[in-house]
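[1] make a model of this:
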Amino acid sequence: MTTTVPPAPAAGVGVAQPVRRRFGLPAGAALLFLASIIVSFLAASSAPTPLYDVYASSWGFSALTTTIVFGGYALAVLAALLVFGRVSDHLGRRPVLLAALAGQAVAMLIFATAGGVAALLTARIVQGLSAGAALGAVGAGMVDIDRARGATANAVAPAAGTATGALASALTVQYLPAPTQLVYYLLLALFVLQAGGVVLLAETARPTPGALASLVPHLALPRRLRRPVAIVTPALLAVWAFAGFHGSLGPALTKSLVRSTSAGYGGLSLFLFMAVAAASVFLLRAVPARTVLHVSLLALIAAVGVSLVSIGTGAVAGFLLGSAVAGVGFGGGLNGSVRLVVPLAGPHERAGILSLLYAVSYLGMGVPVVVGGLLVEHGGGLLATSLGYGIAVIVLAAAALAGLVAAPARPAPARCGVAPGATHRSRSMSG
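    Numbers count the residues shown, from 1 in each chain. From the prediction side, this is the model:
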């Protein structure tokens, strides 16, 4: 699967100072180029999604193996976010990006030559580590260049990349030769080109001491933030669990409902989910965070309800409609949760708070899909597991909504809202 993978929030938090000199590329071109790296990394992460059935039929593995492979990817991203999230502040953006692009290239080669589950899992872990390390540097670099546009690009690009990768991979598998190789070689060529582009970029962060110390994860939760974090935690778990569901089990479920073995349907639900998520983040970027969170949770509850009814009745159109509406829940849920909590934190606390929120997010994405895989194999099968999974997501979303309604709004001490992946230097937005 893929995952929707957001840029590491801890990167660029008040350590490095931007280098005041002309960019190797014009500022606008540099910003677009860095955004393209996010898109390509997340597209690569979703490229295997339509191929899981091909792998399963060739290598004889079950839905449980699929979810374990996905869970390994999610945990690798989480580890990289926590360990490497701040290292580009000390080493500079370009060295981290070049190393991560090299890691992605290695992952593509492993994918293209994979002959079994061990190679597939290895490729996903390498891919997750390199993506988690790079996206923090990319996100910080875009904010270095332009605070407002960089924050928007940080919010929109991950979901846009995931949607693009899922659809492009599905079409490649369906209509082009060598389905388990071609898409990876195309991505490999793209990463090589992007490495050349990174060489043309000027460094936007002045290297500083402390690189080794920055590798130690630091999670902090001041007492005054415990209640808002408690409110958004079920929201993050709900939206990320449903994202994991669409990435790992969604393709098989979609093809089951359509009653087709066509790989073209494998990435359809994930494409709709992430495309709408990207659009909703952009359209709701100026709406107050509490309002965004209310809208996203209501949308998620409605979307999951529609999906469950559609699964029960075999209505594929309803399931795809639910996937699209759920994108509003995912995009708004992540953006609203972060913006609700971060404005209450002091400047020296934001990196730890953001790392904590993303740790919750990736645990919410990785663990439930593995449990879902166990239930598919040893429980009631794909359809029954999907129903149980959806009910759990509704319960989490309803709990988050109830907590949000019960909790009084608290004024932020400063206008410092953060979009997904943005640092405290991004455009100010009060929650």
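[2] next structured bit after the helix or strand where Ser323 lies?
    Using DSSP states H and E, Ser323 sits in helix 316-341. Per DSSP H and E, the first helix or strand lying C-terminal to helix 316-341 is helix 350-378.
[3] tell me the angle of the following helix or strand past that following helix relative to helix 316-341?
    For helix 350-378, the following helix or strand on the C-terminal side (DSSP H and E) is helix 381-406. Put simply, helix 381-406 runs at 40 degrees to helix 316-341, going by axes from the mean of the first three to the mean of the last three C-alpha atoms, to 10 degrees.
[4] start to end distance for stretch 47-54?
    In stretch 47-54, first residue to last residue: 13 Å (C-alpha to C-alpha, to the nearest Å).
[5] pLDDT on it, on average?
    For stretch 47-54, the mean pLDDT works out to 80.
[6] repeat for stretch 200-219
    For stretch 200-219, mean pLDDT rounds to 71.
[7] equivalent analysis for stretch 30-42, please.
    When pLDDT is averaged over stretch 30-42, the result is 86.
[8] could you do stretch 73-85 as well?
    81.
[9] related to what we said a few turns ago, what packs against the helix holding Ser323?
    Contacts defined by 3 or more C-beta pairs under 8 Å, 6 or more residues apart in numbering; DSSP states H and E place helix 316-341 against helix 147-175, helix 226-248, helix 250-258, helix 268-283, helix 289-313, helix 350-378. Quick note: C-beta positions are derived from backbone N, CA and C, even for glycine.
[10] could I get the ones you listed as JSON lines with mean neighbour count?
    What follows is the helices and strands packed on helix 316-341, written out as JSON lines (neighbours: other C-beta atoms under 10 Å):
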{"stretch": "helix 147-175", "mean neighbour count": "24"}
{"stretch": "helix 226-248", "mean neighbour count": "25"}
{"stretch": "helix 250-258", "mean neighbour count": "21"}
{"stretch": "helix 268-283", "mean neighbour count": "25"}
{"stretch": "helix 289-313", "mean neighbour count": "21"}
{"stretch": "helix 350-378", "mean neighbour count": "22"}
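[11] and the angle from the helix holding Ser323 to helix 350-378?
    Between the axes of helix 316-341 and helix 350-378, defined by the same axes, to 10 degrees, the angle is 150 degrees.
[12] quick one: helix 316-341 to helix 250-258, angle?
    Going by the same axes, to 10 degrees, helix 316-341 makes 150 degrees with helix 250-258.
[13] for helix 316-341, what is the average pLDDT?
    85.
[14] identify each buried residue in that helix, please.
    For helix 316-341, burial by neighbour count (16 or more other C-beta atoms under 10 Å) applies to 316, 318-341.
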